[in-house]
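Trainee: Need the 3D shape of this:
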Amino acid sequence: YPVHYKSNADGEVYNFSGAEYYNNSVPWQGWMIDYLNTIVDMSGATGLNYTFRTGGSDKAMPESAYSAAVYDVGSGLSDLAVSPFWITSDRLLISPFTMPVAMDDMYLWIREPAVDDSWNANARKILNPFEPRLWAILVGLVFLMGALTAWFADPEAEHHIWYDTFRNNEWK
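Mentor: Reported below is the predicted structural model:
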């Protein structure tokens, strides 16, 4: 059955939100409670008291009962919280954790998009390295350089003084 729970005399499990969970005369049960009892028996510790988290932690951490239990430990109201907690950065800011008893394996599954192997898709891949605006600048520079090259290469044309400076016939 679950990690920890409370049940009545008939064996019916109480709801987590009921007043029975706050009643300390109803004993806790579950595999995590058995695990902790075994550790306590082996260590010889005494005075272990299982209780539910405080109502104040429910107000301070309304988003999660687990975060509320960690809040009680961080506030000094409890010495430890018994449950399989996920160690999150928010909870680590409240209270330190011990070594994990178990680890959860989590996988992210995503749909693999269909591969487009058409001729057009493969031809467009050559444009992928740059954004369209950069491609426009590069093509514009190629045409500008072509026009300047043609203008400077024609010795018969009327030119600017720069042409004569760059094409100084004394050096030929």
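Trainee: give me the low-pLDDT residue ranges for the protein?
Mentor: Judged by pLDDT under 70, the chain has its weakly predicted residues at 1, 16-18, 154-172.
Trainee: rerun that using 50 as the cut-off
Mentor: Applying pLDDT under 50 to the chain flags residues 171-172.
Trainee: can I get the CA coordinates of the host helix or strand of M145 in CSV?
Mentor: Here M145, judged by DSSP states H and E, is contained in helix 132-153. As requested, C-alpha coordinates have been extracted for helix 132-153 and formatted as CSV (Å, rounded to 0.1, in the frame of the first residue of the first chain):
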residue,chain,number,x,y,z
PRO,A,132,17.7,36.0,-44.6
ARG,A,133,18.8,39.6,-43.7
LEU,A,134,22.5,38.4,-43.7
TRP,A,135,22.0,36.6,-47.0
ALA,A,136,20.6,39.9,-48.5
ILE,A,137,23.7,41.8,-47.2
LEU,A,138,26.1,39.2,-48.6
VAL,A,139,24.4,39.2,-52.1
GLY,A,140,24.4,43.0,-52.1
LEU,A,141,28.1,43.1,-51.3
VAL,A,142,28.8,40.6,-54.1
PHE,A,143,27.0,42.9,-56.6
LEU,A,144,28.6,46.0,-55.2
MET,A,145,32.1,44.4,-55.5
GLY,A,146,31.3,43.3,-59.1
ALA,A,147,30.2,46.8,-60.1
LEU,A,148,33.3,48.4,-58.5
THR,A,149,35.6,45.8,-60.2
ALA,A,150,34.0,46.5,-63.6
TRP,A,151,34.3,50.3,-63.1
PHE,A,152,38.0,50.2,-62.0
ALA,A,153,38.9,47.7,-64.7
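Trainee: Packing partners of that helix?
Mentor: Contact here means 3 or more Cβ pairs under 8 Å, 6 or more residues apart in numbering; DSSP states H and E; on that basis helix 132-153 packs against helix 161-166. C-beta coordinates here come from the backbone N, C-alpha and C atoms, glycine included.
Trainee: re the thing from before, buried set for the helix holding M145?
Mentor: Of the residues in helix 132-153, none is buried by neighbour count under the rule 16 or more other Cβ atoms under 10 Å.
Trainee: One more: stretch 37-53?
Mentor: The neighbour-count criterion (16+ other Cβ under 10 Å) identifies 52-53 as the buried residues of stretch 37-53.
Trainee: Keeping just the C-alphas, turn it into PDB.
Mentor: The C-alpha atoms that make up stretch 37-53 are tabulated as PDB, following Å, rounded to 0.1, in the frame of the first residue of the first chain:
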ATOM      1  CA  ASN A  37      10.700   1.800  12.800                       C
ATOM      2  CA  THR A  38      13.400  -0.700  11.800                       C
ATOM      3  CA  ILE A  39      16.000   2.000  11.800                       C
ATOM      4  CA  VAL A  40      14.900   3.200  15.200                       C
ATOM      5  CA  ASP A  41      14.900  -0.400  16.600                       C
ATOM      6  CA  MET A  42      18.400  -1.000  15.300                       C
ATOM      7  CA  SER A  43      19.800   2.300  16.600                       C
ATOM      8  CA  GLY A  44      18.300   2.000  20.100                       C
ATOM      9  CA  ALA A  45      16.700   5.500  19.900                       C
ATOM     10  CA  THR A  46      13.700   6.200  22.000                       C
ATOM     11  CA  GLY A  47      10.900   8.800  22.100                       C
ATOM     12  CA  LEU A  48      10.000   8.700  18.400                       C
ATOM     13  CA  ASN A  49       6.600  10.400  17.900                       C
ATOM     14  CA  TYR A  50       4.900  10.400  14.500                       C
ATOM     15  CA  THR A  51       2.600  13.300  13.800                       C
ATOM     16  CA  PHE A  52       1.100  15.200  10.900                       C
ATOM     17  CA  ARG A  53       2.500  18.400   9.700                       C
END
